[in-house]
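Colleague: sequence and predicted structure, then a few things I'm wondering about:
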Amino acid sequence: MIFSIRDREMMARALVMAAKGQFTSAPNPAVGCVISLDGNIVGEGYTKPAGGNHAEIEALNMVNDPIGCSVYVTLEPCSHQGRTAPCVDALIAAGVARVVIACEDPNPEVCGQGIQLLKEAGIDVECGLLEDQARALNRGFIKRHEHGLPWVLVKMAASIDGRTAMASGQSQWVTTPASRQDVQKLRAKNCAIITGIGTQLMDDPSLTVRITSEQLGVEDELQQPLRVVVDSQLQMQSSARMLTQLGNTLIATLDGKSQREKSAALVAAGAEVVFLPAHGEYVDLYALLKELAERQCNSVMVEAGAGLAGGFIAEGLLDELVCYWAPKLFGSDARPMFNLPINTIDAHLALSIQDIRQIGEDLRITMYPDKDY
């Protein structure tokens, strides 16, 4: 299908609008919409937090007379009744002439139905414009609906010789304040932050988003991601700092008599405890991700030590690795980034570098595992 330069400009603007919702739209996808008439933008919008208007409604609300307009939207308009009415119905009722869609919605309640309803109403529908960019913006939402799992980002901070903490466990601070502020942006984009009991006992972290809407240039209020602690033996104490923070804490543990007995105190302190199957001696991480997907988590961020971070990688669950490298040397006795059972060069995990940039004095490298991982 051939799209004009003006079509591309309009969809590019719709993608810019969609990006405005990437911190606040979950569990809905971040969608942008632009409405044009005679080549001029007359309305635009993006999906508001759950329960609020979708992008198409936000854009339509700006248009005095939408009859005959062209609509550019980054994801197929919804055709089902959820917390809001179907966007397809609104577009049809508005009398728009043409709808250009970047990519289909993988949600089985929509998938292709929105497009079909628009066509049946006599609206010209075209799909696939800047599809790769649109899918990248909603990779977590798409993965959750296509595979039943959230997008998994593992974040690590290390010295330039690949060490995350001293032998004693001391790790504050490996990187600079600029990198730590950048991590807050990553947290704000994710539905859940996962850590292990080792990190929780050593650092007693809050695992909260400590960046404001204003700092991110976002109009809507940020929500705290779900805090998840992987704690197979349920060693976490009810005095843990994260239990006093805004937002919710989920503790994933094994289903045993000891864990059942200990869980009451944690629940009383405000935590939720979920009992999951074992993988060897530890919580099955695949089962944990399935649980989080069922809770409508599109994307999760792992901030943990070498054992848990290595576990996600070893079990083939990694989608994205973000490493902050500090220009420091910690030495051979310091702790490594990952515990991974790799014994030969041929058994290595190949990564594809997506982005390299300097953050303060540190380097941030974003990588994806090779496709056959």
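Modeller: Yep, it's here.

Colleague: what sits against the spatially most central residue of the chain?
Modeller: Geometric centre of the chain, nearest residue: Ser299, 3.1 Å, by CA atoms, centre = their mean. Applying CB atoms under 8 Å, 6 or more residues apart in numbering to Ser299 gives the contacts 26, 139-140, 150-153, 189-192. Just so you know, the C-beta spots here come from the backbone N, C-alpha and C atoms, and that holds for glycine as well.

Colleague: mind checking how far it is from Lys189?
Modeller: 7 Å (CB to CB, to the nearest Å).

Colleague: what's the domain layout of the protein?
Modeller: 5-139, 150-369 (automatic domain parsing).

Colleague: need the helix or strand of this structure with the lowest average pLDDT.
Modeller: Every helix and strand in the chain was compared by mean pLDDT, DSSP states H and E; the lowest is strand 163-165, with a mean of 86.

Colleague: quick check: buried residues in the following helix or strand past that one?
Modeller: Sequence order places helix 177-189 as the next helix or strand after strand 163-165, per DSSP states H and E. Using 16 or more other CB atoms under 10 Å as the test for burial, helix 177-189 gives 179-180, 182-183, 186-189.

Colleague: which residues does helix 177-189 contact?
Modeller: Contact partners of helix 177-189, identified using CB under 8 Å, 6+ apart, comprise 22-23, 153, 155, 157, 173, 193, 207-211, 216, 222, 225, 299, 301, 303, 322, 324, 326, 359-362, 364.

Colleague: and for stretch 60-71?
Modeller: Under CB under 8 Å, 6+ apart, the answer for stretch 60-71 is 10, 33-37, 42-45, 53, 56, 59, 90-91, 94-100.

Colleague: endpoints of that stretch, how far apart?
Modeller: Its first and final residues considered, stretch 60-71 spans 9 Å by CA to CA, to the nearest Å.

Colleague: avg pLDDT for that stretch?
Modeller: Stretch 60-71 comes out with an average pLDDT of 95.

Colleague: offset the numbering so it begins at 43, please.
Modeller: Sure, I'll start counting at 43 from here, so that last one is stretch 102-113.

Colleague: ok, back up a step: any chance of a markdown table for the buried residues of helix 219-231, columns distance to Asp107 and pLDDT?
Modeller: Shown next, in a markdown table, are the buried residues of helix 219-231 (distance: CB to CB, whole Å; pLDDT from 0 to 100):
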| residue | distance to Asp107 | pLDDT |
| --- | --- | --- |
| Ser221 | 50 | 96 |
| Arg222 | 50 | 94 |
| Asp224 | 44 | 96 |
| Val225 | 46 | 96 |
| Leu228 | 42 | 96 |
| Arg229 | 43 | 97 |
| Ala230 | 38 | 96 |
| Lys231 | 37 | 95 |
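
Colleague: quick check on the residue lying closest to Thr66 once chain neighbours are set aside: phi, psi?
Modeller: Distances taken as CB to CB, 6 or more residues apart in numbering place Asp262 nearest to Thr66, at 4.3 Å, with adjacent residues excluded. Main-chain torsions, Asp262, degrees, to the nearest 10: phi -90, psi 160.

Colleague: Asp262 against Lys90, yeah?
Modeller: Yes - using CB atoms under 8 Å, Asp262 is in contact with Lys90, at 6.3 Å.

Colleague: so Val58 sits in a helix?
Modeller: Yes - membership of Val58 in a helix is supported by DSSP: H, G, I helix; E, B strand; the rest coil.

Colleague: list the contacts of it.
Modeller: For Val58, counting by CB under 8 Å, 6+ apart, the contacting residues are Gly74.

Colleague: can you map out the helices along the stretch 293-415 of the chain?
Modeller: Remark: helices assigned in the stretch 293-415 of the chain by DSSP state H, counting those that start in this stretch are 299-310, 327-336, 348-356.

Colleague: kindly reformat these as CSV containing mean neighbour count.
Modeller: Listed next are the helices of the stretch 293-415 of the chain as CSV, based on neighbours: other CB atoms under 10 Å:
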stretch, mean neighbour count
helix 299-310, 14
helix 327-336, 19
helix 348-356, 21
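
Colleague: right, so the domains of the chain: which one is the most enclosed?
Modeller: Per-stretch averages of neighbours, counted by mean count of other CB atoms under 10 Å, single out domain 47-181 among the domains of the chain, with a mean of 20.
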